[in-house]
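> please work out how this folds:
(chains A and B)
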Amino acid sequence: MTTATLHKAANAGKSAAWYVMVLFVSVLTVVPFLWTLTTSFKSPGAILQDPLHVLPLHFTWSNYSDVFSTVPFGRDILNSLIIAVVGVLTNCSFGALAGYAFARLKFFLKGPTFAIFLATMMIPNIVTMVPTFIILHAFPLVGGNNIFGHGGRGFIDSLWGVVLPGAVGAFAIFMMRQFFGMLPSVLADAARVDGASEFRIFRSVYLPLVWPALAVLAIITFQAYWNSFLWPLIVLNSPNKQTVQLGLATFKYTYSTNYGPLMAGTILATIPVILIFILAQKRIIEGVAFTGITS
Amino acid sequence: MIGGLDRKQQRAAYLFIAVPVGLLILFTLAPVVYAIFTSFTNYDIINPSKWVGLSNYTKMWKDPFFRLALKNTLVYTALYIPPGLLVALGTALLLNRKRHFVSTFRVFFYLPVVASTVASATIWYWLLNPQEGLLNTVLRWFGVNGPAWLYDPNWAMVAIVIMSVWAGFGTNMLIMLGGLQSIPRELYEAARIDGASRYQSLRHVTVPGLQRPIFLVTALLIIGALQVFDQAYILTQGGPGNATLTIVYYIYNDGFLDLHMGYASAMSVVLFLIILVISLANSKITNRDLTAAHKP
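Numbering: from 1, shown residues only, chains lettered A, B, ... in the order given. Next comes the predicted model:
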């Protein structure tokens, strides 16, 4: 055998070893989801008799109808959608405006203001939770409160109470500032000479150039709101205000060993974010990697 | 004239940042100050708050549940960080190749991150079932009798760690991968010409080049681990026998269910200080390694 063929054989071996390893990790990450999916289509008897049968022998939708009849899952999905969509809109619009201001405009105290925004990203959520709850509870003129914030419950047990504290995250501002900062300033100078207003320069000249970044921010924000748990758990009490994650948790609590409906609920709570991820996976992965590198 | 333009620009900038700054003050800066104030009071939402000085802090010192929650949280953090870091680094090294389907595998590896912690925990609640669960079934193939996991006080925390590593490594893997791809190719070439082995180039080129992402990932892991809640809530409700009662779980129970807002605030301030101290220690250690790595 010549050295060239030896080399080739060694490379093929290395390559095979690599495929074995990545397949092994993929099995660990993907199989639990597949098992969840097949469990969700099995009858209770089939689950306990033969939990490992990959394909259900008697395919059934009954677990899914069980989910909707025991918890108001349709209502939960709607609530989660409202919260996530409003959160995406506020984060994208105000995040873009503020990110643009920090990247492209000159103003007094710009550096210190941005530094404060950055520093708040280091504050753990748990520290602000109790006071934020008290502030939302005493918010004037909403939820039965008078002008002094007494008498009612403010934003507690309202979807607004979930959205508001994170309505413009420091992360959104930071991310948009990074992207606006990469664009040339001659575009703005030319538009200013033509007498365009600052908002118009932002809206018509720069914003169209950062659509891809804005899309990534929208997806990341949607997932964060859709998947959030502790804060909605604290703020929302009424069954008709619950989010999907709260519904799933309640469901797990009451149906602790009824795995069929439990897995059906898990699938329903996961499908929207998985679908978005599959459609936009390249952009999401690049966006996460980008923010990881720059921070 | 230029001055006029600048003033116009400044006015626009203040309008652009007005809403975010307002929300920042209302929901971040004011709450931090307010948390410290509340920790010196007793407050239950319904009655006016009462100044109690340091008594919430002295109470914490003697509270057996707080001590247990603190111990459990530190145990969880210590168990979670090493595998959290190694799995992220290992999978990033695996994906840092030019091979067919590498981007497909990247998607597979990242998949658990997309699901919520509640969904991941519910899936693992089923996987970890002692009799019919997939994990113990597979262990049985190899002749191993798996523990009762979530029902065994000695294994419940380990189970939560395994689930958390599975659910969270994808994000950290991408940060590491970004770091790996920014290491200049020439460094590996130079190491190869100098006759370095694969292990040597990993030890002397890859690891020093990854100092910043490793530091960032460690910091994120520490901050996240010390605030662990969702997993414990879904998988064990803090049990069995309080074996998985964490600090945030205790704050949630005491502050938001029993409405002891003052005591809950004091505990959150203490947790913040613990996070601060551990994060500073982490940055000291990493910076020392960084300077050591750059010495010839």
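> name the residues of the strand or helix carrying residue A:92 that are buried.
Residue A:92 is part of helix A:73-104, with elements assigned from DSSP states H and E. Across helix A:73-104, burial judged by 16 or more other Cβ atoms under 10 Å in any protein chain shown covers A:73, A:75-77, A:79-88, A:90-92, A:94-104. C-beta coordinates here come from the backbone N, C-alpha and C atoms, glycine included.
> which elements pack onto it?
On a contact count with 3 or more Cβ pairs under 8 Å, 6 or more residues apart in numbering or on different chains; DSSP states H and E, helix A:73-104 meets helix A:110-120, helix A:159-163, helix A:170-181, helix A:211-227, helix A:244-254, helix A:259-294, helix B:2-24.
> now the third one: how far from the chain's centre is it?
Yep, that's helix A:170-181 we're talking about. Taking Cα atoms, centre = their mean, to the nearest Å, one finds the center of helix A:170-181 at 17 Å from the center of the full chain.
> in chain A, where is pLDDT below threshold?
A:1-3, A:50-57, A:289-295 (pLDDT under 70).
> mind redoing it with 80?
Filtered on pLDDT under 80, chain A yields the residue ranges A:1-11, A:44-58, A:255-257, A:285-295.
> residue closest to the middle of chain A?
In chain A, the centroid-proximal residue (Cα atoms, centre = their mean) is residue A:223; its distance is 1.7 Å.
> likewise chain B?
Relative to the mean C-alpha position of chain B, the nearest C-alpha, by Cα atoms, centre = their mean, is the one of residue B:224, at 2.1 Å.
> pretty sure that residue sits against residue B:168.
Yes - the pair residue B:224 and residue B:168 qualifies as a contact (Cβ atoms under 8 Å) at a distance of 7.3 Å.
> next, residue B:268: secondary structure please.
Here residue B:268 takes the helix state, with states given by DSSP: H, G, I helix; E, B strand; the rest coil.
> dump the residue contacts of it.
Contacts for residue B:268 (Cβ atoms under 8 Å, 6 or more residues apart in numbering or on different chains) come out as A:126, A:127, A:129, A:130, B:35, B:39, B:251, B:255.
> using CSV, list the CA coordinates for the helix or strand containing the second one.
If you go by DSSP H and E, residue A:127 is part of helix A:125-137. Included here for helix A:125-137 are C-alpha records, laid out as CSV according to Å, rounded to 0.1, in the frame of the first residue of the first chain:
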residue,chain,number,x,y,z
ASN,A,125,-34.1,38.9,37.5
ILE,A,126,-34.9,37.6,40.9
VAL,A,127,-33.7,40.8,42.6
THR,A,128,-36.3,43.0,40.8
MET,A,129,-39.2,40.5,41.0
VAL,A,130,-40.7,41.4,44.4
PRO,A,131,-40.5,45.2,43.9
THR,A,132,-41.7,44.9,40.3
PHE,A,133,-44.7,43.0,41.6
ILE,A,134,-45.4,45.7,44.1
ILE,A,135,-45.1,48.5,41.5
LEU,A,136,-47.4,46.7,39.1
HIS,A,137,-49.9,46.1,41.9
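> hmm, that helix in reach of chain B?
Yes - counting by Cβ under 8 Å from any Cβ of the partner chain, contacts between helix A:125-137 and chain B involve A:125, A:126, A:127, A:128, A:129, A:130, A:131, A:132, A:133, A:134, A:135, A:137.
> swap in stretch A:176-194?
Yes - with Cβ under 8 Å from any Cβ as the threshold, stretch A:176-194 lies in contact with chain B, specifically through residue A:192.
> how about that stretch: buried residues?
A:176, A:177, A:178, A:179, A:180, A:183, A:188, A:191.
> excluding chain neighbours, give the residue nearest to the first one in space.
Nearest in space to residue A:176, with sequence neighbours left out and distances taken as Cβ to Cβ, 6 or more residues apart in numbering or on different chains, is residue A:99 at 2.7 Å.
> domain parsing for the chain?
Just so you know, I chose chain A. With domains defined by automatic domain parsing, chain A comprises A:1-60, A:71-294.
> ah, no, chain B please
Partitioning chain B according to automatic domain parsing yields domains covering residues B:1-38, B:54-294.
> for the last one, what is the distance to the chain centroid?
Counting by Cα atoms, centre = their mean, domain B:54-294 is centred 6 Å from the centre of its parent chain.
> and residue B:51, its phi and psi?
In this entry, residue B:51 is assigned phi and psi values of phi -70, psi 130 (degrees, to the nearest 10).
> low pLDDT regions in chain B?
In the prediction, chain B carries residues with pLDDT under 80 at positions B:1-5, B:285-296.
> that one: strands as residue ranges?
All strands of chain B, identified by DSSP state E, fall at B:41-42, B:50-51.
> okay, now residue A:37: neighbour count?
For residue A:37, the tally of surrounding residues (other Cβ atoms under 10 Å in any protein chain shown) stands at 16.
> so what's it up against?
Taking Cβ under 8 Å, 6+ apart as the test, what residue A:37 contacts is A:263, A:267.
> swap the cut-off to 7 Å and go again
Residues counted as contacts of residue A:37 (Cβ atoms under 7 Å, 6 or more residues apart in numbering or on different chains) are residue A:267.
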